[in-house]
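Undergrad: task: produce atomic coordinates for the following.
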Amino acid sequence: MVEALLEKPITLFRQGDIDGALAELQDTLASNGDVAELHHMWAEFANMKNMEAQDDVIPGRKIMNAYKKACLLYTSPSPRDKRQSR
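TA: Numbers count the residues shown, from 1 in each chain. Okay, here's the model as predicted:
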C-alpha cells in the first residue's frame, strides 16, 4: 500500500518537479496522515527544495515536525501489535 502512495510523488521528483512532488505528498497526507513514510518523504523533499533554493523556502520547524511525526509513527505499535499483546 505504501509503495502505491509514494509512486506519484517519486515520479514527479524524478521528472524534476519537486514542487509537484511536495504538493502530491501534501494531498496524500491529508487522507493518510498515519503513514510514516509519507511524512519522511515530504521532509526529505522539503529539505531538497530549501537546498536547491539556498534559502528556507519551507520553514525548518515545519520540516522538523514532519520528521518528528514520521519517527513517532515508525516507533509506535501498530493496531495489530496492540491486539496481539492482550
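
Undergrad: does Val35 really touch Val2, like I thought?
TA: Yes: Val35 is within contact range of Val2, at 6.1 Å (criterion: C-beta atoms under 8 Å). Every residue, glycine included, has its C-beta placed from N, CA and C.

Undergrad: okay, the two: which has more neighbours?
TA: Using other C-beta atoms under 10 Å as the criterion, Val35 and Val2 rank with Val35 on top: 18 against 12.

Undergrad: next one: the more buried one from Gly60, what distance?
TA: Plainly put, Val35 is 23 Å away from Gly60 if you go by C-beta to C-beta, to the nearest Å.

Undergrad: do Cys71 as well
TA: Distance of Cys71 to Gly60, computed by C-beta to C-beta: 16 Å.

Undergrad: kindly report the same for His39.
TA: Shown here: His39 relative to Gly60, a distance of 15 Å by C-beta to C-beta.

Undergrad: these two: which is more packed in?
TA: Remark: of His39 and Gly60, His39 carries more neighbours, 24 against 11, as counted by other C-beta under 10 Å.

Undergrad: contacts for the helix ranked longest in the chain?
TA: Under DSSP state H, the helix in the chain containing the largest number of residues is helix 36-53. Under the contact criterion C-beta atoms under 8 Å, 6 or more residues apart in numbering, helix 36-53 has outside partners 2, 5-6, 9-10, 13, 18-19, 21-22, 25-26, 28-29, 32, 56-58, 60, 62-64, 66-67, 69-71, 73-74.

Undergrad: next structured bit after it?
TA: Helices and strands here follow DSSP states H and E; after helix 36-53, the next one along the chain is helix 60-75.

Undergrad: quick check: buried residues in stretch 64-74?
TA: Of the residues in stretch 64-74, 66-67, 69-70, 73 count as buried by neighbour count, 16 or more other C-beta atoms under 10 Å.
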